[in-house]
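>>> Have a look; sequence and predicted model below, questions after that.
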Amino acid sequence: MSGRAAAAGTLAAGCGTAEGQPPGKVAVFGDSAAWSAPMAAAGAAMKSVAGLRLVPEVNPSLESFEQVVKSSLRTNKAPDMLKYWSGYRLRDLARTGGVADLSRQWDAAVARGWADRSLREAFTYRGRVYGLPMNLAYWVFFYNPEVFAEHGVQPPRTWGDFLAVADRLQRNKVTPLHGTADGRWPSFIWFQEILSRQDPRFYDDLMNGREKYTDPRAERALRTLASFFDKDWFTPMDMNHTDAAAAVVHGKVGMLPCGTWLGSTLMEAGGKPGKNVGAFVLPMAEPNARPSVIFESSALVATVKGPDHAEALRATRNWLHPAVMRAFSQALQDGCPNPEVPAANPVVAALAEKVRGDRLWLLNRFWEQGPPELVEATVDDLAGFLLNPSSYREVLRTMQDRADEAWKVWREAERT
Amino acid sequence: MTEIAAPAPAEAKAHRVRRRVPTRTPHQAVRPGARLGGPAAALPWVLPAFAFVGVLLVYPFFRSVYGSFFEDNGFTSSFTGIDNYTRLADDPIFGRSLLNTLMWVAGTLLLPVLLGLLIAVATHRPRFGGLARMLIVLPFALSPAATAVLWNFMLTSDGAVNQVLRGIGLDSWAHTWLLEWPQNTLSLIVAGTWQATGLNVVLFAIGLRAIPRDTVEAAELDGATGWRMFRHITLPQLRAVTVVVVGMAVVNSLKAFDMIWILTQGGPSRSSETLALTMYRETFRLFHVGYGSAIALVLSVIVVASSWLYLRRQMPDTGWAKS
């Protein structure tokens, strides 16, 4: 496929020169309106670097976005480029043969020091790279330093500290933790955070179908969570992230686990980084385990059948260029996959420094791990657990039944 | 007046022309297959409508039926016979979804229809009845999506309803309205009622106005008032409107989607899904296209069968009974 793509690239570049066409525009189709401005900023930078303008196109409904992508990929109505998920969702897309192999672009970027080598796995299918990282969000706990100071607590450094902080906040009438099933997908957050802190190796194996949900280690994670429920540490499970962000800023909720991309929502709620918004990586519950952090990175994908395929490929060659990345990540206020580009947001910059300095193991998010159809179903199971924590054994059994089925289908498809 | 009178001479003239040139008998003129006026002559005029219905309704329907016999992930498909249908029988989510759909039907008949009738009757005569009616009809003018956002603000755990309940000391009445079954489905039905009642009020009000005044006066002379008037005069006279209102309510409740989608997305843990949502989730979120088609067919059969049976029973003197 790479040969075909390269040939198409040469052909179109030739046509462009021969006909003396003005520099083109390439549309990037995504599901987030919040990414429009950053994408436009990256587009402007790309124009000076590669003579191409990136034009954001947004379908803000997650459902219809995915529907449009999957149904148009085999037609000549496919969007040129996509903002997609990494991990198994990207693999699912790559399996259709509808997206371009970007291995050369990746290798070139790594050779220039434009990309974090450890992210490769999240963007590969059968050893080839099919997407380039766009952002690099870490999954952290947001808190309000002023509120912490008021109640005499510090961001926790150990698991014991974390429990003590939650307990202190609870006694001081601040709801210690935000948890939610609102919007379905957030139901995985707590399972992911606790499991990856208790046993990151097991988390990685479970997410890749090498371990079972019925394992005592998965049970321990849910039992830990159930104990938090018993202590009444959580917000109501229908509090969405926007309200939770405001609640943290106003001192009503103590700690809010989310990707660093929530930073912009916290700013909108009146938060100021360093003043009343801070973030920490949840300490390891098991001190002997390899220190880890969950990351999330969206993938820039070029489709095979998009009308401006050649220009799309040219854009991928320049996507990780520091000028483009700087423009993009500064506008997004999130972490950057290009290590040469510092984060504009001081909170994210400090986190990036800690992650790189402490050499934390980067684990991909639950949502991107495992066959997408399994994840879509297990988030509903986890929502069931959040609403009835004593049902953890039954929930894990259901999840394992689904996993058996979904992995079987996935592996069969891999073989064909 | 002039508008009505104008066509008359032309008509008279046409009659005269036909009488003056008796080239063939009138019998031949209406014979099928003649140059004009035969059933085949109507075909070109009906074709566009047939084409629309065929392309947009009949073909997709049969395509879905066909698709329901396949395991299809949107990219590859394999024939599995009636597997999708046997899976339905074992699927607890489908069972819950069917139950929720039935709750929606029962709830919609009980609340918006009954309330609509009561409000229409109560506001029929009084002086400010029109104003009261208008206020109740207003929510109907809002889009279901906007209504859902509004009710989300009301029904979340920290929402307006619970805040009011806690504010007046009824803490024990405060619930997690959208998080647990069956109260999430019931809350959604109440939210749906708030919006749907308005239309029913309008329809019943029209029906009330159509009741002949002399019938009412005759009943009044016979001493009928209050409940007896309602039971023996108003209600029977509203029968035609009631058939329409109930028929529409049944179909709309079976199709319930937007309100649920925005308020709970069918969750948590798929507990508030109706058949329409389950179909959507299976087809477009999980890409079980064949399974989704099977659910769509079950839903279609329920909608068509219930409407047909109901109308056949309620309107025996129309074409419904003969078809």
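Alright, I've got the coordinates.
>>> Now the one helix or strand B:I260 maps to - C-alpha only, CSV.
According to DSSP states H and E, B:I260 maps onto helix B:258-263. The C-alpha atoms that make up helix B:258-263 are tabulated as CSV, following Å, rounded to 0.1, in the frame of the first residue of the first chain:
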residue,chain,number,x,y,z
ASP,B,258,-34.9,11.6,20.7
MET,B,259,-35.9,12.4,24.3
ILE,B,260,-34.3,9.1,25.6
TRP,B,261,-31.2,9.5,23.4
ILE,B,262,-30.4,13.0,24.7
LEU,B,263,-31.3,12.4,28.4
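>>> Now do the contacts for A:L374.
Residues counted as contacts of A:L374 (C-beta atoms under 8 Å, 6 or more residues apart in numbering or on different chains) are A:402-403, A:406-407, A:410. From N, CA and C alone the C-beta is placed, and that goes for glycine too.
>>> which one is it nearest to, not counting chain neighbours?
A:A406 (3.6 Å; C-beta to C-beta, 6 or more residues apart in numbering or on different chains).
>>> One more: B:H175?
Across the structure, with C-beta to C-beta, 6+ apart as the measure, the residue nearest B:H175 apart from its sequence neighbours is B:Q183 (6.1 Å).
>>> Next: A:D205.
Once flanking residues are discounted, A:D205 sits nearest to A:E211: 4.2 Å by C-beta to C-beta, 6+ apart.
>>> show me the contacts for the one you found.
A:202, A:205, A:217-218.
>>> Dihedrals phi and psi, B:F79?
Here the main-chain torsion angles of B:F79 (degrees, to the nearest 10) amount to phi -70, psi 130.
>>> The residue nearest the centre of chain B: which element?
Closest to where the C-alpha atoms of chain B average out (C-alpha atoms, centre = their mean) is B:M248, at 3.1 Å. B:M248 is part of helix B:239-255, with elements assigned from DSSP H and E.
>>> again, but for A:R104
With elements delineated by DSSP H and E, A:R104 resides in helix A:103-111, which encompasses its position.
>>> Output the contacting helices and strands for that helix.
Helices and strands touching helix A:103-111, by 3 or more C-beta pairs under 8 Å, 6 or more residues apart in numbering or on different chains; DSSP states H and E, are helix A:2-19, strand A:128-129, strand A:132-133, helix A:309-318.
>>> what does that helix contact?
Contact partners of helix A:103-111, identified using C-beta under 8 Å, 6+ apart, comprise A:2, A:6, A:115, A:117, A:120, A:123, A:128-129, A:132, A:313, A:316-317, A:319-320.
>>> what is the orientation angle of that helix with helix A:309-318?
Here helix A:103-111 points in a direction 20 degrees away from that of helix A:309-318 (axes from the mean of the first three to the mean of the last three C-alpha atoms, to 10 degrees).
>>> The residue in chain B that chain A sits nearest to: what's it in contact with?
With C-beta to the nearest C-beta as the measure, B:S157 is the residue of chain B nearest to chain A, at 3.2 Å. Contact analysis of B:S157 by C-beta under 8 Å, 6+ apart lists A:236-239, B:176-177, B:179.
>>> Weed out the non-buried ones from those residues.
Neighbour counting with 16 or more other C-beta atoms under 10 Å in any protein chain shown marks A:236-239, B:176-177, B:179 as buried within the contacts of B:S157.
>>> Let me know the closest of those residues to A:A149.
Taking C-beta to C-beta as the measure, A:M239 is the one of the buried ones among the contacts of B:S157 closest to A:A149, at 24.2 Å.
>>> count of residues packed around residue 260?
Picking chain A for this. Residue crowding around A:T260 was assessed by other C-beta atoms under 10 Å in any protein chain shown; the count is 26.
>>> Wait, chain B was what I had in mind.
Close neighbours of B:I260, defined as other C-beta under 10 Å, add up to 26.
>>> On the pLDDT front, check it for me.
B:I260 is assigned a pLDDT of 92 by the prediction.
>>> thinking again about what came up before, find the pair from the contacts of B:S157 with maximum spatial separation.
A:M239 and B:W177 (13.5 Å).
>>> what is in contact with the two at once?
Overlap of the contact sets of A:M239 and B:W177 (by C-beta under 8 Å, 6+ apart) consists of B:156-157.
>>> A:G24 - how many residues pack around it?
Around A:G24 sit 17 other residues, with neighbours defined as other C-beta under 10 Å.
>>> Show me where the stretch 251-400 of chain A has its helices.
Assigned helices in the stretch 251-400 of chain A, in chain order: A:263-268, A:309-318, A:322-332, A:346-357, A:372-387, A:392-415 (criterion: DSSP state H, counting those that start in this stretch).
>>> between those helices, which one is nearest to B:A120?
Nearest of the helices of the stretch 251-400 of chain A to B:A120, taken as C-beta to C-beta: helix A:372-387 at 40.1 Å.
>>> re the thing from before, any chance of a markdown table for the helices of the stretch 251-400 of chain A, columns mean pLDDT?
Written out in a markdown table, the entries for the helices of the stretch 251-400 of chain A read as follows (pLDDT from 0 to 100):
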| stretch | mean pLDDT |
| --- | --- |
| helix A:263-268 | 89 |
| helix A:309-318 | 92 |
| helix A:322-332 | 93 |
| helix A:346-357 | 90 |
| helix A:372-387 | 92 |
| helix A:392-415 | 91 |
